[in-house]
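*Asks:* Just the structure for this:
(2 chains)
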Amino acid sequence: MSELINIKLNGTKLKVSPGETILNICLEQGYDIPHLCHDPKLKPFSSCFVCVVEIKGYKSHQPSCSTIVQEGMEIYTDTPEVRKSRKMALELMLSNHYADCLAPCTQTCPAGVDIQGYLSLTEKGLFQQAVELIKETNPLPAICGRVCVRPCEDKCRRQYTDDGSPVGIDYLKRFVSDFDLVSESPVTPKVKASTGKKVAIIGSGPAGLTAAYYLQIEGVQADIYEKAEGVGGWLRYGIPEYRLPNAIVDQEVANITKLGVQIFTEQELGGNLQYETLDQNYDAVFLAIGAQNGDLLGIGEKNAPNLVSGIDFLKKNALTNNDTDLSGKRVVVVGGGNTAMDCCRSARRCGSEDVIVLYRRTEADMPANPIEIHESKLEGVQYIFLAAPIDVYYDEQGNLTGLKCIKMKAEKVPGSRRSNIVPIEGSEFDLPCDLVLPATGQKIQYEVLDHINQYYPDQDLQLNKWKTLDADESTMQMNIPKIFAAGDAVTGPTNIIQAIAGGKTAAQYLTAFVLGLPFEIPKKPFISTKDSFTKQTKELYLNKFEYQPKNEMPVLESQKRDNFKEVELGYQSVEEVQNEVARCLECGCVAFYDCDLQKYSTEYEAVQTHYKGDYQVFERTTAHEKLELDNHKCILCGRCVRVCKEYSGNRVWEFFKRGSKTYISVNMENDMSESNCDACGLCVDTCPTGALTENFSFKILPAPYEKLPVIDPFGSEGFEADLLEYKGNIYGATARTGIVNHKGLINRDLFFGYSIFNKSRRIQTPMERVNGKLVPITTEKAIEKIKKQVRQVDNAENVILVSPEMTNEAMYMIQKWGRVGLQTNSIGSPYFIHRTDASNINKNDILPLQELEGSKQIFVLGGNLPLEHPVISHLVQNNRYFQKSEVTFITTEKNHPYSFRTDHTLEIKDIYYFIKAVCHYLVQNEKMFGIFVNGLAKDWNTYRDAILKYDYAQLLEKAGVDLSDVGHFAQTVIEIPETAFIFSEKNTDEKTMTELKNLMLLTEKQGKTYAGMMPLKPACNTQGLFDMGIYPDYGPGFRKIEGTYLELLKNHWHTTRLSTQFICPGKALETNLHNNLFVFGLDLIIDTPEMTDMIKKAGFICVQSLFENETTAIADLVLPMNFAIEIGGSYTSTFKVAQSFRAVKKSKIDWNDYQFYSELHQQFGIQSPKHYSEIFLEMISLLQPTCCSDTRHIFTIND
Amino acid sequence: MDKLTVKVGLGSCGIAAGAQKVYHRLETFLQDHPGAFVLEKTNCIGMCYAEPLVHIEQKKHNLIYGRVTESKLEEIITFHLTGGKVVEDAVVYFEKSEAPENKYIQSQVKWALRNCGIINPEMIEEYEARGGYQAILKVKDWSSEQIINEILKSGLRGRGGGGFPTGIKWQLAAKQVNETKYVVCNADEGDPGAFMDRSILEGDPHGVIEGMIIAGKAIGATHGVIYCRAEYPLAIKRLKIAIDQAKAKNYLGTNIFGMEGFDFDLYIKEGAGAFVCGEETALLASIEGKRGMPNKRPPFPAEKGLWGFPTNINNVETYVNVPAIILAGAEKYAALGTEKAKGTKVFAVTGKIAKSGLVEVPMGTPISTVIYDICGGGANGKQIKAVQLGGPSGGCIPANLLDTIIDYDAIIETGAIMGSGGMVVMDETTCMVDVAKFFLTFTQSESCGKCTFCRVGTLRMLEILDRFTKGQGVIEDLDLLEDLAIEIKNNSLCGLGQSAPNPVLSTLRYFRDEYEAHIVEKRCPALQCTELIRYEVIADKCIGCTLCKRACPTQAIDGEVKKIHFIRQEDCIRCGACFQKCKSDAILRF
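*Replies:* Have a look, this model is predicted:
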């Protein structure tokens, strides 16, 4: 260890180790320096330049990720100059980042509903989760699903594809919301404990309801005061029932009052309700009073009973239960908005055969939803466009008899989208009618405000220039601090989703206000959008996507609409829903919540358009089955290029072209499928943006995932990893640097295979076979059945097979049950087939993982390392890359693909004979390590004699090698002390392993640093099989069951009796006729086909399994099972490192393995703990340091 | 009659000008008149403005004919080679006369170019005849330290542009303890308008090889690599010939020059022409077969270079100087130049200059001497506005500062850099915004794409310049441009990025008014930016000949015979066809 050097970091003197980069020191010291191209496991690169720092005496900024500290360096990490450079670096990157962080629909929604998110959940059939997500920002999805003006759909890019219509976002929202409303347990948010604070809400429209919902969730009592008899404001009195049935309003309101919100109806502020009361009883008041006064024509008209503002007409009709009769009357509706639509369509339903909409502009200019216009026409509404009323005719009674109108024409205004409308002189015409419904505007009822103002002698509620309440844009607070306001009363008449957005914001700051917390207005997150570069138009999307027609909303036939029954019927089938959701183009980035570029851009307040200019557009994405590259999001940090080079050895990715045209693609620009990528996933895992992603088989779900710490459940190396969880499902896996996984690598099987945790159709309950079919039974019944079966056979006829994927704790409990409860020792695992005694080698003499880094020569024996043990393969490649160690692959296959990633390949016929030949050569030529074998090793002489008996030529022949190959191989093994041998136990039989061990002894590799064998076990807890005693004659701690150990076990297990008959399970299955076969966690028929016939002979088969499979198909009793991540436990890696992990994921079934084993123990009269931590304690009390017999220095004689 | 030797300059420049034809004609002549003279090949002597060149070596007439066209050659054959009479009007250099043309060669002090245009580069014997491979023999018994001291004493600094003292570089590499070390020659000359290294490689390949062998001996390297761009096929061909010849003589290989234990072998690596590969770390990556992308230093190549081994990298001109320094003695070399810059420097003078070519002058010579005295001033007598030094990494020195002497520090003070020797002359018809755009276009497309600032930042600068030249600039763009320039300089890994904004910064420094004219007045003072030029008919001069009207491709000119014509500006595409056609100078371009 060299001496520490002195540096000054932001003025603080520090002693640091030489050779460290500035970045590493800064991160250690807690300075959060942004960095994008840096990955600690990769060689420094320095391309992004966001990690720059200032160093005194240096002309320019230095990238901290690759600058090594020097004695006396003075470093400044946060000067204005440095921040300016970083920001510019980000902005320059962003100026060529033609991509969307969020989908345009999500960005557009005033309430910020995560539309892509809930569509994604909908696609997965997780309808209630979708509602849960919607309700995070919008508590009225069933209402919005019917009547929202859907600005989201206006931005939906599906409309630009060949089909021309957007995704039916609203239809889908309606479907999931309705699904939720009628479900047994509708989505209910968790309400925080009461804060004791109270807010009075005036008005039960969407703004009021929304605020109440979110206040109540925060533990603030929300009391709504509603003037009318019914709840909902315009939802009930403005929107006719054929669009929004009152029942739906009632249901959504009920879901809000369920949280504790109180609604007091017929309470009119300034009428029967005094502001003073509110002021005295509440901590704050929220005005959601809406804009309730409808405008009339505004042409000096007199009052007339048949001149009614549109909204008054709608309200009256609603109050009279749609009882208005307009039959035989001509109705003229003036205006072109959604209220006009509601009026004309309601008028038709009230019996008028002659309804005319008079609109001063063209149809294209109408602000109303096009669907409404379309439907109204279907229903027989007539339109007069480009005409406006200029006078009113009355009869003597003062009733209106008609309108005098004038025709208008459109004049183009340069630079404006809308044209100017001017009257055509002399084009006046008369329009006789019986009822006129102006629907052109609404105003606040100022009486309420006057009432409040009276209470405050010093000030009035402030109004803005539109004469609406002047609430603060960010917080919705009024000039009177206690009063907040939102909805139409603030914005003027707009739409429901705006009101909801306002209500939500108000609730947030009302909560802070009543709790006396400061108002924290969050930094606006940076959002990259394609619109920053160019307007998204049809031309950019046409013919680039598969044609998928819109799934139209089923509607009531137009002939059947003479009533107020709901017109839109909602999607009728899940299939329609899935087809519609499949149309979503998934514009938003999957990495949104995890993207470093986005994170830093927010932090540095980067502006995407600051350095606007030319940008790259890529026509194609590079993809294969497992992964996908979107070059638009690539910042050319080269992490994928480097990780592929440094760890996979594949060099799949490479930079292409130069300057601003540079991009990443598959090396030699082959198609991805032609590359030698074996999808290890490291490039995806290291990508700091969303450029490289998994090629998802489902609609992507960008979500704020929670990271669940696990130990790799798919590999035997014990690598730490994190699962990405959202609402109970796993959507990804990522590397976690840890004691074992010190580089931060991830096993491809886990990286791409996490979806198994979400698989539905788990076995839910115990099931027994009745008449050939599996029928659910209780756990008690299942245990009873087991007991009955056990009684019927001899002890030795009970056979137990255990999966190497179970936890140590489970294994321990199972074998204990077998030995104590069933009095059998026929306990084992199919893993042992063909390798019974190989365990001797496996126990000891393993090259520790961390020492692999120092090996200078590595031999990989057989198999296909990158696929079987990806993480080890990565470490081998990394060693080869950095230490320049030589890797030799010894294989029995011709042109094996792994050959191309090694320095040398030896293609031979047989590995066992090859090793044997090498040993022969060494002994024959006396090149073995003499002092050691003579002095320390056991059985040396016997071995020498045995090996020399072999005919060398024959060995060579059988091995398929030349004399020189053997000599050369032997020589290099002797010459380089740091030589490692890596092989997968799956492909290596016992003889080969023992002979290899002999070779280790001969060449003195045993137990030497950086040298020796690294046998790799196949499953995550294969080593546990040994350690836990899943073995006939070896118990926990891998001690032979005899003598004192036998007594110790009896003592520990509180039993007087343990069988000393040791029959291996295979033999038992072969010989016995009426076996009880207990299978834990294995699909024997698939895993070990050779056993199929054997197990079928068993008299009774009990299988514990996660899913139904071929073995459960022949089982008599089936038991549910947990994933280890659901119950916790420990695994022991192939390097014999035992690691505990906690239960991190809630089980999807009502079952706990440990509880079951404990129950089973109890029923068989065995005393055992229930919780895995207690089981662990009992288990380790049997693992004593002396338990391992020393087999280190014994030669094995193979035939 | 004394012995007559005729040499034809067959460098790339000569060949391009037709020297091959000249050589063939002389060959056929010689077939018909055996023994009339000795015909030889040589390389470029540096008078590129006068190619093809035919050297006549004769006791009486030691001269060079220039611009030897086919008819001129026949004259030379008839009058000089047959008749012994000098063809006066074709002479560009006459050793014994006082011809003003002589100045071009006589004012130069040739160290690096000592053999160029003199010897036949494809014959090792000719190199040896001029002292070749004597320097290595001189240092045969010297220690590494002795050699390095000699180089240190000479004051030789890296001629590739960086100007790092060569001796110190060697010292650093020599200090490393490693069995394997490399000597690399950077022959990836990439600056637009620079061709010094090419001429040396084509004209004196053995000089470079000998320099590398000496460097190898000095630092303890056994292998050398010449990284030469593939666009220099003739240089590569001659290098290959030279290496083969040297190997045949055991000047390369094991125990070379009979020195027991001194092994040195040489390879050529052809680069694919990426400009950034001239940057030493990118160059090493490229030799290793990787994408040419620079890496952060330290570690310096002297510590961890090619394949991770200590490596010394110098450029062609540096190496070729070494044998000359050794032979002549460091003092003699160090006697030339200034306090901090010793010896000579080769420049490739191009652009708006009367005589373009290669010029080698002692350090300390004023730039004006090179431009006016040696190269004859501006082309066509036009006034020189500025001289661009250092290629895309360099900057412009305005005419009023041309008395600046050739010295690393003095040049840097002006905002330019010494660079590898590209000297581009600009006159009043050169638009400085366009010059900046030209160099930036080059660096932008030659950036390796690694660092954000260089990759995207230079593009944004280029776009701003482009807007200026199209009259779309706004004054705020100028701040944005400077801001970008400063940040790019400040935040790039290698020299390419760090110096990419230099052409912009130095033109902004001296010619800000030109920028402002483009932005504010939408005018290009040099009348180069097409979209800012306007054409109008000068009524007084127009004779109504209709020539311009007929030439206009967009029918933007109205007018009838014998009547004054008129250009409709809205239809004019500023192609300048009318301006060129008009015989009465009646079109005003402004």
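
*Asks:* Identify each buried residue in the host helix or strand of B:Leu39, please.
*Replies:* Per DSSP states H and E, B:Leu39 falls inside strand B:38-42. By neighbour count on 16 or more other C-beta atoms under 10 Å in any protein chain shown, the buried set for strand B:38-42 is B:Glu40, B:Lys41, B:Thr42. Yep, even glycine has a C-beta here, placed from its N, CA and C like the rest.

*Asks:* got CSV for those residues, with distance to A:Gly854 and pLDDT too?
*Replies:* What follows is those, written out as CSV (distance: C-beta to C-beta, whole Å; pLDDT from 0 to 100):
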residue, distance to A:Gly854, pLDDT
B:Glu40, 63, 93
B:Lys41, 59, 93
B:Thr42, 59, 93
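
*Asks:* Pipe these into JSON lines and attach distance to chain A per row.
*Replies:* Listed next are the buried residues of strand B:38-42 as JSON lines, based on distance: C-beta to the nearest C-beta, whole Å:
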{"residue": "B:Glu40", "distance to chain A": "42"}
{"residue": "B:Lys41", "distance to chain A": "37"}
{"residue": "B:Thr42", "distance to chain A": "37"}
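
*Asks:* As a markdown table, those with distance to A:Lys645 would be great.
*Replies:* Listed next are these as a markdown table, based on distance: C-beta to C-beta, whole Å:
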| residue | distance to A:Lys645 |
| --- | --- |
| B:Glu40 | 52 |
| B:Lys41 | 47 |
| B:Thr42 | 48 |
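
*Asks:* Which one of those residues is nearest to A:Ser873?
*Replies:* Ranked by distance to A:Ser873 (C-beta to C-beta), those are led by B:Lys41 at 58.2 Å.

*Asks:* Report the beta-bridge partners for that closest one.
*Replies:* With DSSP bridges as the criterion, B:Lys41 is bridged to B:Val8.

*Asks:* I figured it was touching B:Gly11, is that so?
*Replies:* No. Taking contacts as C-beta atoms under 8 Å, B:Lys41 lies outside contact range of B:Gly11: 9.7 Å.

*Asks:* Apart from its chain neighbours, what residue comes closest to the residue nearest to the spatial centre of chain B?
*Replies:* With distances taken as C-alpha atoms, centre = their mean, B:Ala194 lies nearest the centre of chain B, 1.9 Å away. Once flanking residues are discounted, B:Ala194 sits nearest to B:Gly422: 3.7 Å by C-beta to C-beta, 6 or more residues apart in numbering or on different chains.

*Asks:* what's the burial count for the one you found?
*Replies:* Neighbours of B:Gly422 under the rule other C-beta atoms under 10 Å in any protein chain shown: 26.

*Asks:* Also A:Val82?
*Replies:* Counted by other C-beta under 10 Å, the residues lying close to A:Val82 total 20.

*Asks:* what's the strand or helix carrying it packed up against?
*Replies:* In this assignment (DSSP H and E), A:Val82 forms part of helix A:80-94. Contact partners of helix A:80-94 among helices and strands, from 3 or more C-beta pairs under 8 Å, 6 or more residues apart in numbering or on different chains; DSSP states H and E: strand A:52-55, helix A:596-603, helix B:452, helix B:475-490.

*Asks:* Sheet-wise, list the partners of the first one with their directions.
*Replies:* Put plainly, it is strand A:52-55. Taking DSSP bridges as the criterion, strand A:52-55 sits next to strand A:62-63 (antiparallel), strand A:74-76 (antiparallel) in its sheet.

*Asks:* Quick one: residues contacting the residue nearest to B:Ala194.
*Replies:* Contact analysis of B:Gly422 by C-beta atoms under 8 Å, 6 or more residues apart in numbering or on different chains lists B:Asp191, B:Pro192, B:Gly193, B:Ala194, B:Phe347, B:Ala348, B:Thr350, B:Gln388, B:Leu389, B:Gly390, B:Gly391, B:Gly394.

*Asks:* Recalculate using a threshold of 10 Å.
*Replies:* Contacts here follow C-beta atoms under 10 Å, 6 or more residues apart in numbering or on different chains; on that basis B:Gly422 touches B:161, B:189-196, B:347-351, B:388-394.
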